[in-house]
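Participant: when you get a sec, could you give me coordinates for this:
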Amino acid sequence: MKSIFSAKYIWVLPMLMFVFSSCGNFEKEVEIEVPEFKSQLAVEAYIENNKAIKVAVTETQDYFGELGLPFVNDADVSIIFKGNTYKPGPNPPDLVNFKYFNYILRDSFTFNEGDVIYINVSDKKGRMVTAESRWINPVKLDSVRHSFSPTNDTLSLITAHFKDPAGTKNYYRFRVVNLSDSNRVRSDFFTNDGILDGQNITFGTGYRFGRNDTVEISLFTLTEEFYRYLETAEAAQSANGNPFGQPAVIKSNVTGGTGIFSVLPYDRKIYIIP
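Facilitator: Numbers count the residues shown, from 1 in each chain. Just a heads-up that it's a prediction; the model follows:
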């Protein structure tokens with residue numbers, strides 16, 4: 001019987017065996033010196049017009065350390081607006097929406113274009129952070145419409161239409177919540193006006209809504225700082241645990257620590273699909 005190996009392959013096998021056997025153990029311990037971890041204060045707060053201000057004060061934790069609750073509940077928090085200083089009090093966790101802002105200022109402010117609001121936070125470890133944010137008036141929604149699927153007349157999409165202000169770089173977050181479906185978020189993304197500066201812009205959803213659904217449509221006009229924070233936070237989340245992901249550093253507007261302190265202007269409409 002004829003061999004399935006031709007003569008030109010026979011001499012290759014011993015060569016390969018020699019090569020692999022000479023490699024020895026492929027495992028090698030590499031000791032990496034990790035720099036000493038230094039915990040920072042982290043602040044998260046979003047300032048809305050005529051609404052109480054909720055602030056989350058936490059501290060960063062060592063990735064290789066023991067897991068613990070990061071909340072700093074004994075911090076000294078100050079909100080400064082138009083020369084007046086306000087002291088937020090403790091705030092219980094929101095167990096319905098799974099959000100925990102551990103401080104709340106029940107005073108609310110009416111903002112005008114250009115108004116600046118500040119925050120100072122210090123703790124008993126001597127750490128101190130500051131941040132500020134400048135109010136921008138929200139871009140208004142012109143109209144909201146719906147359209148039923150051509151293949152299923154029980155499912156509808158939502159489109160929101162608005163005019164982008166010309167001559168400035170604008171940043172948006174578009175969020176649609178189905179109030180008839182346990183406040184389920186059906187669309188949520190952020191973007192900028194890009195090449196659409198000064199033009200009519202339409203944001204939309206997929207065919208995710210039924211007849212008689214009550215829908216909340218929000219168009220947030222973001223500060224550039226908040227947009228960069230969202231952009232880099234999303235990139236960091238995508239890279240986490242991915243050996244091929246591009247490392248990302250979250251861009252914060254908090255001095256002395258990390259996090260985000262930003263005004264959050266928006267225009268909102270409630271729409272019922274007939």
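Participant: hey, where'd the helices end up in the stretch 101-250 of the chain?
Facilitator: Under the criterion DSSP state H, counting those that start in this stretch, the stretch 101-250 of the chain contains helices at 224-239.
Participant: just the pLDDT for the closest residue to residue 100 other than its chain neighbours.
Facilitator: Ranked by CB to CB, 6 or more residues apart in numbering and with sequence neighbours excluded, the top spatial neighbour of residue 100 is residue 93, at 4.3 Å. Quick note: C-beta positions are derived from backbone N, CA and C, even for glycine. pLDDT for residue 93: 77.
Participant: run through the stretch 51-200 of the chain and note the low-pLDDT ranges.
Facilitator: 63-68, 95-98 (pLDDT under 70).
Participant: show me the contacts for residue 215.
Facilitator: By CB atoms under 8 Å, 6 or more residues apart in numbering, the contact set of residue 215 is 158, 176, 177, 178, 179, 180, 186, 209, 270, 271, 272, 273.
Participant: name the nearest of these relative to residue 239.
Facilitator: For those, the residue nearest residue 239 by CB to CB is residue 186; the value is 27.0 Å.
Participant: how near is the closest one to residue 53?
Facilitator: 28 Å (CB to CB, to the nearest Å).
Participant: who's more crowded, these two?
Facilitator: residue 53 (24 against 18; other CB atoms under 10 Å).
Participant: touching, that one and residue 45? I think so.
Facilitator: Yes - between residue 53 and residue 45 there is a contact under CB atoms under 8 Å: 6.3 Å.
Participant: what number of residues lie near the residue nearest to residue 166 when sequence neighbours are not counted?
Facilitator: Nearest non-adjacent residue to residue 166, counting by CB to CB, 6+ apart: residue 198, 2.9 Å away. For residue 198, the neighbour count with other CB under 10 Å is 13.
Participant: residue 210 is in contact with residue 158, isn't it?
Facilitator: No - using CB under 8 Å, residue 210 makes no contact with residue 158, being 11.9 Å away.
Participant: what residues are shared contacts of these two?
Facilitator: residue 273.
Participant: of the two, who's got more company?
Facilitator: With neighbours defined as other CB under 10 Å, residue 210 and residue 158 compare such that residue 158 has more, 24 against 14.
Participant: for the residue lying closest to the more buried one once chain neighbours are set aside, what are its contacts?
Facilitator: Leaving aside its sequence neighbours, residue 158 sits nearest to residue 205 (CB to CB, 6+ apart; 4.8 Å). When contacts are counted by CB under 8 Å, 6+ apart, residue 205 touches 157, 158, 159, 176, 186, 187.
Participant: one more time with 7 Å, if that's ok
Facilitator: 157, 158, 176, 186, 187 (CB atoms under 7 Å, 6 or more residues apart in numbering).
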